[in-house]
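# starting from these lines, generate the structure:
(2 chains)
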Amino acid sequence: MRRPGARAVWALHLAVILLLLGLQVVVPPFHQIMLARIMVLAVYAIGYNVLLGYAGLMSLGHAMLFASGMYATGLTILYFGVGAGAAFGLGVLASAVMATALGLVTLRASRVSFLIVTMMFSQAFYLATLYFNEITMGDQGFIISGQLAPLRAGGREFAFSDPAVKYNLALVVFALCLMLSVWLTRSPIGRVLVGVRENEERTRLLGYNPLSYKLLALIASGTIAGASGSLYTLMFSYVGSSFASILYSIYPLLWTLLGGTGTTLGPLLGTALMTYVVDIASGLTSSYLLLVGATLLILIMWFPAGVMGGIRTRWARWLP
Amino acid sequence: MSFEGHLFLALLEGTVTGFVLALTALGLSLVFGVMRIVNVAHGEFFMLGAVIAWYFSTLPGGFLPALVAAPLLVGAAAFLADRLVLRRLEYKPESTIVATIGLLYIIQQLVLTVYGPYARPVAAPVYFRLDFPWFGYSGYKLVVAGVSAALLGATWLVMSRTTLGLYMRATQQDREMAQAFGVSVDRVYALVFALGAGLAAMAGALVVPIQQAHYLMGLDALLMSFIVVILGGLGSLGGTVAAAFLIGVSDGLVSVFFSPTLAKIVATLLVALVLVLRTGGLFGEEGT
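The predicted model follows:
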């Protein structure tokens, strides 16, 4: 069945990407860096949303997958001087492997247990980054700008320190992941995932194996999260334990809830709003995480559908 | 110090840790068992207890009144949180987890604002030294263990011998049936949440003279409590206490002979696997 508005859906997402492409010419340098950061982190949120929004699984351990991408990219550049492209590939691969392992172990647990178990594994990963501090430099972290060779394409060199390079690199990866998530939700796989989310038993009776679909969603989710972590490392050239901490598992949950769980544009919107709010608040007070807590509480109590979810129910039912 | 000295120190430290851990985790276990919710803000109640104890130690009354005031104040705060937040969410598991994550950051950051980012020490209310052949040991740590043991016993008595305990156990076993028999489930929930928080606050207040009060101390308490509660079986009191000792002593051993971080990694991975393989834990009945 061809749903009405298929063309409108693609046009809308394309328009968002074109808008982001155009914005870099208009906005001042500070906001250009902010937007670049938002796009990379939005990729993380898109990955998280694949699992929470479509498979209905809430994880508190995504920091482990995000940080796997970071460390795989950062460490191979730091110790082996690997090129940026290869390091990115390794980052994505590492997080895919981690997500597969995490899924094979944790998906046996029921929903609430899944939450706690993913948190536990992620915490063990975080502690491991502290324990092996001779390699990872633990809390202090390390900077890779000295070892990172500029990107070469079409006979030209692109340095990662250049804001325009950062911005467009983030935009390319963001656009790819956004389109991937739109495609995924409209594909037969996405439909089955929604079926698993809404009624696992019935999906099983229809002849699908919910476990393998959940595993698929977790791998896709973790790989996208890892791509985000890897790209973050290349763009900001810093890797530290704090990115593996529990806060970085809660951030994507917050961004996704704020933007709207199970909507394709929600993660971008949530990330953008929260990143700007946190940036402004952290300039005013050291207790800026209070906002993180308050937003979570307000969202879950009064606006569980988030911004895009609200827009969808009220005005635009066709939004994916 | 000789090997026996190290071993003895590890066992002693482990036992004290085990008692405090049992007290902290007991609150989490009660809340999970009776209300079927996971309280991620539990560690912050522990931290609040510690900070309140520090505050009292600066007053003329000294540290001791804090042992009464901290659990009462924190219990009252938890009671409010239950009424204003958790009840409105109808105790849905995933919503309450998100809400308690929110509470975690709200409490933690408010303490950061009011109390500041300092780690503040408190002098022990009693000071004596026990001399062992290898080292001298702070007597207050043994007092902490003793008080914790007494409180664990008291909680057990309340659960097994009083009407309130009966209501709690009835609610835990079958919420609807308890309601049908005239138990005010609503009130039981609020009381259990307050009691759980109060126990954590008590543990926090007790350890301040050993550990110092800091606004980030809650996360570690939370994770250790999770480990204990999962290992002991969600909602099983005896299991919680047994697991607290197992974790306390093995943590003491690995910390003394290897490293505290390694001890935590091992415990965390172990427990995650336990939860995956058996939802009921080692001692408890089959969980949710």
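# only C-alpha atoms from now on, for both contacts and neighbour counts.
Noted.
# CA atoms of stretch A:6-25 as PDB?
Taking C-alpha atoms only, stretch A:6-25 is exported to PDB below (Å, rounded to 0.1, in the frame of the first residue of the first chain):
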ATOM      1  CA  ALA A   6       5.300   9.700   0.500                       C
ATOM      2  CA  ARG A   7       6.600  12.500  -1.700                       C
ATOM      3  CA  ALA A   8       5.900  15.100   1.000                       C
ATOM      4  CA  VAL A   9       7.900  13.100   3.500                       C
ATOM      5  CA  TRP A  10      11.000  13.000   1.300                       C
ATOM      6  CA  ALA A  11      10.600  16.600   0.300                       C
ATOM      7  CA  LEU A  12      10.400  17.700   3.900                       C
ATOM      8  CA  HIS A  13      13.600  15.900   5.000                       C
ATOM      9  CA  LEU A  14      15.400  17.200   1.900                       C
ATOM     10  CA  ALA A  15      14.300  20.700   2.800                       C
ATOM     11  CA  VAL A  16      15.700  20.300   6.300                       C
ATOM     12  CA  ILE A  17      19.000  19.200   4.900                       C
ATOM     13  CA  LEU A  18      19.100  22.000   2.300                       C
ATOM     14  CA  LEU A  19      18.200  24.500   5.100                       C
ATOM     15  CA  LEU A  20      21.100  23.200   7.100                       C
ATOM     16  CA  LEU A  21      23.300  23.500   4.000                       C
ATOM     17  CA  GLY A  22      22.300  27.100   3.600                       C
ATOM     18  CA  LEU A  23      22.500  28.100   7.200                       C
ATOM     19  CA  GLN A  24      26.300  27.900   7.300                       C
ATOM     20  CA  VAL A  25      26.500  30.900   5.000                       C
END
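# now that stretch: mean pLDDT?
Averaging pLDDT along stretch A:6-25 yields 78.
# equivalent analysis for stretch A:85-99, please.
What stretch A:85-99 shows for mean pLDDT is 88.
# try stretch A:32-42
87.
# quick one: buried residues of that stretch?
Neighbour counts over stretch A:32-42 (16 or more other C-alpha atoms under 10 Å in any protein chain shown) mark A:32-33, A:35-42 as buried.
# what does stretch B:260-269 give?
Buried residues in stretch B:260-269 (16+ other C-alpha under 10 Å): B:260-265, B:267-269.
# quick one, strands of the stretch 151-288 of chain B?
Using DSSP state E, counting those that start in this stretch, no strands are found in the stretch 151-288 of chain B.
# any stretches of it with poor pLDDT?
The model of the stretch 151-288 of chain B has pLDDT under 70 over residues B:234-235, B:278-288.
# turn the buried residues of stretch A:32-42 into TSV, including secondary structure and distance to chain B.
Putting the buried residues of stretch A:32-42 into TSV (DSSP: H, G, I helix; E, B strand; the rest coil; distance: C-alpha to the nearest C-alpha, whole Å) gives the following:
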residue	secondary structure	distance to chain B
A:32	helix	30
A:33	helix	27
A:35	helix	26
A:36	helix	27
A:37	helix	23
A:38	helix	22
A:39	helix	24
A:40	helix	24
A:41	helix	20
A:42	helix	20
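# from these, pick the one nearest residue B:131.
residue A:41 (56.2 Å; C-alpha to C-alpha).
# contacts only, for that closest one.
A:228, A:232, A:271 (C-alpha atoms under 8 Å, 6 or more residues apart in numbering or on different chains).
# if we use 10 Å, what do you get?
A:35, A:47, A:66, A:170, A:174, A:225, A:228-229, A:231-232, A:251-252, A:255, A:267-268, A:271-272, A:275 (C-alpha atoms under 10 Å, 6 or more residues apart in numbering or on different chains).
# can you turn the buried part of those residues into a ChimeraX selection?
Burial among the contacts of residue A:41 is assessed by 16+ other C-alpha under 10 Å; the matching ChimeraX selection reads:
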select /A:35,47,66,170,174,225,228,229,231,232,251,252,255,267,268,271,272,275
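# residues in the stretch 151-288 of chain B within reach of chain A, list them.
Residues of the stretch 151-288 of chain B lying near chain A by C-alpha under 10 Å from any C-alpha of the partner chain: B:219, B:223, B:226-227, B:230, B:259-262, B:264-279, B:287-288.
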